[in-house]
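Asks: below is the sequence, then the predicted model.
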Amino acid sequence: MLAPMIPGSLLKCYLAAFLRNLQFFGPVAVPYFLDWLRVDYTRMFVLQAWFLLWVFLLEIPTGIVADKFGRKISVACGCLLFAADMLMFGTLNSYYLLFLAEFLGAVGVTLISGAEQALLYDTLIMLKRQDRARFYFSRYEAAGTFGLLLSFPVGSSVAALRDYPALLPVTFVMTAVSGAIAAGMFLWVEEPPRMKPKEGFLAMGVRGLRSLFEHRSLRAYVLNAVTISAVTFFAFWFYQPITLRAGLGVAYLGFIAAGFNLFSTLLLANVALLEKAFGIRRLLFYTAILPALLFAGLGIFPRLAFALPALFLLVGCKMVRMPILNDFINRHVESENRATVISSVSLLERFVTFLLYPVIGLLADRSLDHALWLLGGLCAAFALGTRLSDHVIVRAADGR
């Protein structure tokens, strides 16, 4: 009943986001490393740091590719490379060969980041709906979260069917198939006409990074977004060991992940109500400081009765704040350079995560609680240090 009310171009974007987020491996990623590959947290996070190193090096060049040659082409190619990454995880049993897989995955992720947001925002401009961009960003995030919601229980159920951990790699193969289908869906999306930049690759990359720091308000939004997002990202790694040590089996991991993604989807669908209840400035601050308290609490109270609601709230906070900040950032970016600048934002977030990976991994091998306490402390410091003022929020609302 609702589909006819959604413009066809937006509906295609939502469907593509849904398919791209059918990530069946998600709830069993940590068991895959610990029980299938038999590597510890340190080596697991070293591999992820390698992945982020290439993301860092490639983020700007691939954003320029999207601005020069087309956003939907960039995103579709990214989905295919991500699918290749997942296929290698599902068919290889060598830790060192996975470094090649993660290189391909890094190229894929960077082709998607920036270009995906830019494609959606330019579509909203074409439809003359950019004034309500943060609500459409929320719906887009909700569509992707719905894909996670469906795929996570399936993935953990498949992994626990028989002969554990023999079926853990199958979840990666299933994800590879959905990634390839998502590539076809993105190619079906209509890309709005726009002015293409005439600058060279190097000049565009330098200008994209420089623009993040030259504009005072844009700098404030970006620093708040990337620091809090980088720290809360570790909730997606640690919810598995947290719930496993609380007594749940592997088969339940997907249902837990689906649960907190459903909770996040409900929050995203009601961003307007949350803004009205708290105000944008308070909403952004509360969703930054609350995760700090929750990380610390998870290291103190390991029981399931606390862990489950804490994880739900932590992930919900992370998901709710990003569409608002994405809207504010996009308002200060010109269309022809949008993918490059948004890729610069992603680059900074990945760089912070890259720096955290080895430290958090070493701490987690010694004590999961110590890692959680460090994440809580960092989140609190970033929440207070990058807190947005009323003046900055008003400027964002005015598009200045």
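Replies: Right, received. Where do you want to start?
Asks: give the rounded mean pLDDT of the helix or strand hosting V30.
Replies: Taking DSSP states H and E as the definition, one finds V30 inside helix 29-31. Averaging pLDDT along helix 29-31 gives 95.
Asks: just name whatever secondary elements it is in contact with.
Replies: If you count contacts as 3 or more C-beta pairs under 8 Å, 6 or more residues apart in numbering; DSSP states H and E, helix 29-31 packs onto helix 235-245. Glycine gets a C-beta too; all of them are placed from N, C-alpha and C.
Asks: on that earlier part again, so what touches the helix holding V30?
Replies: For helix 29-31, contacts defined as C-beta atoms under 8 Å, 6 or more residues apart in numbering pick out M44, A159, P165, L168, W237, Q240, P241, L244, V250, L253.
Asks: could you redo the last one with a cut-off of 10 Å?
Replies: Residues from elsewhere that reach helix 29-31 (C-beta atoms under 10 Å, 6 or more residues apart in numbering): 23, 37, 41, 44, 48, 89, 155-156, 159-160, 164-165, 168, 171-172, 236-241, 244, 250, 253.
Asks: from the middle of its chain, how far away would that helix be?
Replies: Counting by C-alpha atoms, centre = their mean, to the nearest Å, helix 29-31 is centred 18 Å from the centre of its parent chain.
Asks: ditto for stretch 75-90
Replies: 16 Å.
Asks: before we move on, what about stretch 145-158?
Replies: Centroid separation for stretch 145-158 versus its chain: 16 Å, with C-alpha atoms, centre = their mean.
Asks: just stretch 96-114 next, same as before
Replies: Distance of stretch 96-114 from the chain centroid (C-alpha atoms, centre = their mean) equals 15 Å.
Asks: how about that stretch as PDB, C-alpha atoms only?
Replies: Coordinates of each C-alpha in stretch 96-114 appear next as PDB, following Å, rounded to 0.1, in the frame of the first residue of the first chain:
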ATOM      1  CA  TYR A  96      47.100 -15.000   5.300                       C
ATOM      2  CA  LEU A  97      45.100 -15.300   2.000                       C
ATOM      3  CA  LEU A  98      42.300 -13.300   3.700                       C
ATOM      4  CA  PHE A  99      44.600 -10.300   3.500                       C
ATOM      5  CA  LEU A 100      44.000 -10.400  -0.200                       C
ATOM      6  CA  ALA A 101      40.300 -10.800   0.300                       C
ATOM      7  CA  GLU A 102      40.200  -7.800   2.600                       C
ATOM      8  CA  PHE A 103      42.100  -5.700   0.100                       C
ATOM      9  CA  LEU A 104      39.400  -6.400  -2.500                       C
ATOM     10  CA  GLY A 105      36.800  -5.700   0.100                       C
ATOM     11  CA  ALA A 106      38.400  -2.400   1.000                       C
ATOM     12  CA  VAL A 107      38.300  -1.300  -2.700                       C
ATOM     13  CA  GLY A 108      34.600  -2.300  -2.700                       C
ATOM     14  CA  VAL A 109      33.700  -0.400   0.500                       C
ATOM     15  CA  THR A 110      35.400   2.800  -0.700                       C
ATOM     16  CA  LEU A 111      33.700   2.700  -4.000                       C
ATOM     17  CA  ILE A 112      30.400   2.500  -2.100                       C
ATOM     18  CA  SER A 113      31.000   5.000   0.700                       C
ATOM     19  CA  GLY A 114      30.400   8.600  -0.300                       C
END
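Asks: mean confidence (pLDDT) on it, please.
Replies: 92.
Asks: do stretch 151-167 as well
Replies: Per-residue scores along stretch 151-167 average to 93.
Asks: cool, stretch 226-239 as well?
Replies: For stretch 226-239, mean pLDDT rounds to 94.
Asks: give me phi/psi at G247?
Replies: For G247, the backbone dihedrals are phi 110, psi 0 (criterion: degrees, to the nearest 10).
Asks: likewise for R38?
Replies: Torsion angles, degrees, to the nearest 10, at R38: phi 60, psi 50.
Asks: show me what contacts it?
Replies: N93, Y95, P165.
Asks: I figured the second one hits F33, correct?
Replies: It stands for Y95. Yes: the criterion here is C-beta atoms under 10 Å, and Y95 meets it with F33 at 8.8 Å.
Asks: got any residues that touch both of these two?
Replies: Both Y95 and F33 are in contact with V39, R43, M44, L47, where contact means C-beta under 10 Å, 6+ apart.
Asks: what angle do the helix or strand harbouring the second one and helix 235-245 make?
Replies: According to DSSP H and E, R43 maps onto helix 41-69. Relative orientation of helix 41-69 versus helix 235-245 (axes from the mean of the first three to the mean of the last three C-alpha atoms, to 10 degrees): 150 degrees.
Asks: next SSE after helix 41-69?
Replies: Next along the chain after helix 41-69, with elements defined by DSSP H and E, is helix 71-91.
Asks: list the buried ones in that following helix?
Replies: The neighbour-count check on helix 71-91 (16 or more other C-beta atoms under 10 Å) flags 71-90 as buried.
Asks: re earlier: Y95 and F33: which is more packed in?
Replies: A direct count of neighbours by other C-beta atoms under 10 Å for Y95 and F33 places F33 higher, at 21 against 15.
Asks: phi, psi for G114 please.
Replies: Main-chain torsions, G114, degrees, to the nearest 10: phi 80, psi -60.
Asks: for the residue nearest to L362 when sequence neighbours are not counted, give me its contacts.
Replies: Among residues not flanking L362 along the chain, T42 sits closest, at 5.7 Å (C-beta to C-beta, 6 or more residues apart in numbering). By C-beta under 10 Å, 6+ apart, the contact list for T42 reads Y357, P358, I360, G361, L362, L363, A364, D365, R366.
Asks: I figured the last one hits I360, correct?
Replies: No: contact between R366 and I360 fails when scored by C-beta under 10 Å: they sit 11.0 Å apart.
Asks: joint contacts of those two?
Replies: By C-beta under 10 Å, 6+ apart, R366 and I360 have these common neighbours: Y41, T42.
Asks: give me the distance between A133 and S346.
Replies: 18 Å (C-beta to C-beta, to the nearest Å).
Asks: got the contact list for L378?
Replies: Contacts of L378 by C-beta under 10 Å, 6+ apart are T227, I228, A230, V231, F234, A292, F295, V352, L356, V359, I360.
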